[in-house]
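Asker: with the sequence up front, the predicted model follows.
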Amino acid sequence: MAEAFQIKKLIQELRAIRGRHTELVTVYIPSGYDLNKIITHLSQEQGTASNIKDKTTRTNVIDSLERMIRHLRLFKQTPPNGLAVFSGNTASQEGKQDIKIWSVEPPTPLKMRMYRCDQTFVTEPLEDMIVSHDVYGMIVMDNREGTVGLLKGKTIIMIKEFTSNVPGKLQVGGFSQQRYARLREEACHEFYKRISAVANAEFLALGNNLRGIMVGGPGQTKNKFATGDYLNTELKNKIVSIQDLSYTGEYGMHELLEKSHEALAQEDIIKEKKIMQEFFEILAKTSEKIAYGETDVRKAIELGAADRVLISEDHPTLEVIYELAAKTGATVIIISLETQEGKQLKELGGIATILRYRIS
């Protein structure tokens, strides 16, 4: 999480910079690529840049490339995940020069190679790496209604809701019990097929981004669906959680997520919920081991008493708090606003901390 935050911060800084002409240099070096080849290429680009007609642009490009070459020579080899490097004139005043250089190892192996000289830095490949592409399929159902959705990052996305034509269990006059049971079974089968048609199409389209599938609902309907011949075999093998629920519909989707903690233990949304629940449990027992609000949390951090700092993703001083906490070894956990716990933190000022020890 901290790594993603640092990259987000870098991206924001880079995106705020605008060159007057095509003078900002972006280089992406794939993992395993020979760094000497990149340095040679940049030296050749310096020669090409000498042909730029505008003197200021020419100077800025050549100097940016020189700064980048010197920086790359500090590396013995390309880092395991590759390297993204940015260099350019950041001076806001016309005719002034302030060449700066940034470099970062991506969070996952970089597979592309790029050299670009433009009015803006190219940050899209880095942005794409810190976006969560992993999703979970969600199916909530009983014999009356069903819902197909996705858990993407921290957000539940409703895809389609269904209502069934399955008659109730009471026998209708004029029908034999056996015939009625058969008609009811056929109606259930058709209802399950409608749900599976959407689930199969939506979930298979996700390919390797589909981490797993959660199925839930009241009664035995969910089990018949999950074990029957409705979902594609590949999808059936990805079922990670089958849960008994009290609700269907949107409430059922949230209940299914809550009851699937073990299967989703590594997901950020669960980690956030757990740390926030721990905070509120401590708050309910004693206020001496926690602090909240900008003033009290800053004081705790400065005293070295802050262990874990919880801060809303939209908090105005997030970057300042992050840097302050790093000096004392406190762990910063960024909390989204998409969960109930995240909204509660917002009501407490958007920032709180669990303390290492009591402070007066």
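Answerer: Received, thanks.

Asker: would you map the helices across this protein?
Answerer: With helices called from DSSP state H, the chain shows them at 2-15, 35-49, 55-72, 124-130, 177-204, 221-227, 233-236, 249-259, 268-285, 294-302, 318-328, 340-347.

Asker: export the ones you listed as CSV, with columns for mean neighbour count.
Answerer: Every residue, glycine included, has its C-beta placed from N, CA and C. Converted to CSV, the helices of the chain look like this (neighbours: other CB atoms under 10 Å):
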stretch, mean neighbour count
helix 2-15, 15
helix 35-49, 15
helix 55-72, 19
helix 124-130, 15
helix 177-204, 15
helix 221-227, 18
helix 233-236, 13
helix 249-259, 19
helix 268-285, 16
helix 294-302, 18
helix 318-328, 16
helix 340-347, 16
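
Asker: where among those helices is the average confidence lowest?
Answerer: With a mean of 83, helix 2-15 has the lowest mean pLDDT of the helices of the chain.

Asker: tell me what it is packed against?
Answerer: strand 99-104, helix 124-130, strand 331-335 (3 or more CB pairs under 8 Å, 6 or more residues apart in numbering; DSSP states H and E).

Asker: give me the sheet partners of the last one and which way each runs.
Answerer: Strand 331-335 has these partner strands in its sheet, going by DSSP bridges: strand 306-312 (parallel).

Asker: give me the contacts around the partner strand.
Answerer: 275-276, 279, 291, 297, 300-301, 318, 321-322, 325, 328, 330-335, 337, 342, 345-346, 350-356 (CB atoms under 8 Å, 6 or more residues apart in numbering).

Asker: find the nearest non-adjacent residue to Leu210, please.
Answerer: The spatially closest residue to Leu210, leaving aside those adjacent along the chain, is Phe203, at 5.7 Å (CB to CB, 6 or more residues apart in numbering).

Asker: for that neighbour, give me its contacts.
Answerer: Shown in contact with Phe203 (CB under 8 Å, 6+ apart): 137, 210, 213, 232, 235, 238.

Asker: of these, buried ones?
Answerer: 137, 210, 213, 235, 238 (16 or more other CB atoms under 10 Å).

Asker: pretty sure the last one sits against Met214.
Answerer: Just to be clear, that refers to Lys238. No - contact criterion CB atoms under 8 Å: Lys238 and Met214 do not qualify, at 10.0 Å.

Asker: what sits against Pro83?
Answerer: Careful, residue 83 is Leu and not Pro. Leu83 sits in contact with 27-29, 75, 103-106, 110, where contact means CB under 8 Å, 6+ apart.

Asker: ok, 7 Å please
Answerer: By CB atoms under 7 Å, 6 or more residues apart in numbering, Leu83 lies in contact with 29, 103, 105.

Asker: what do you get for His189?
Answerer: His189 neighbours (CB under 7 Å, 6+ apart): none.

Asker: run the last query once more with 10 Å
Answerer: Going by CB atoms under 10 Å, 6 or more residues apart in numbering, His189 touches 166, 224, 228, 230.

Asker: repeat that for Asn51.
Answerer: Contacts of Asn51 by CB under 10 Å, 6+ apart are Arg58.

Asker: sorry, back to before: can I get the buried part of the contacts of His189 as one ChimeraX selection?
Answerer: Filtering these down to the buried ones (16+ other CB under 10 Å) takes a single ChimeraX command:
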select :166,230
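
Asker: re the thing from before, now the helices of the chain as a markdown table including distance to Asn89?
Answerer: Below are the helices of the chain laid out as a markdown table (distance: least, CB to CB, whole Å):
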| stretch | distance to Asn89 |
| --- | --- |
| helix 2-15 | 13 |
| helix 35-49 | 13 |
| helix 55-72 | 4 |
| helix 124-130 | 21 |
| helix 177-204 | 48 |
| helix 221-227 | 60 |
| helix 233-236 | 52 |
| helix 249-259 | 48 |
| helix 268-285 | 38 |
| helix 294-302 | 36 |
| helix 318-328 | 24 |
| helix 340-347 | 40 |
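
Asker: nearest to Glu161, of the ones you listed?
Answerer: With CB to CB, the closest approach to Glu161 among the helices of the chain belongs to helix 249-259: 6.8 Å.

Asker: tell me which other helices or strands that closest one touches.
Answerer: Contact partners of helix 249-259 among helices and strands, from 3 or more CB pairs under 10 Å, 6 or more residues apart in numbering; DSSP states H and E: strand 135-141, strand 145-152, strand 155-163, strand 210-217, strand 239-244, helix 268-285.

Asker: could those be laid out in TSV, adding distance to Arg184?
Answerer: What follows is these, written out as TSV (distance: least, CB to CB, whole Å):
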stretch	distance to Arg184
strand 135-141	16
strand 145-152	16
strand 155-163	16
strand 210-217	17
strand 239-244	22
helix 268-285	38
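
Asker: those: which one's closest to Ala84?
Answerer: helix 268-285 (23.2 Å).

Asker: what's the angle from that closest one to helix 340-347?
Answerer: Counting by axes from the mean of the first three to the mean of the last three CA atoms, to 10 degrees, helix 268-285 lies at 60 degrees to helix 340-347.

Asker: so Trp246 sits against Glu255, correct?
Answerer: Residue 246: Ser, not Trp. Yes - between Ser246 and Glu255 there is a contact under CB atoms under 10 Å: 6.5 Å.

Asker: ok so, going back, out of the helices of the chain, flag the one nearest Thr22.
Answerer: helix 55-72 (7.3 Å).
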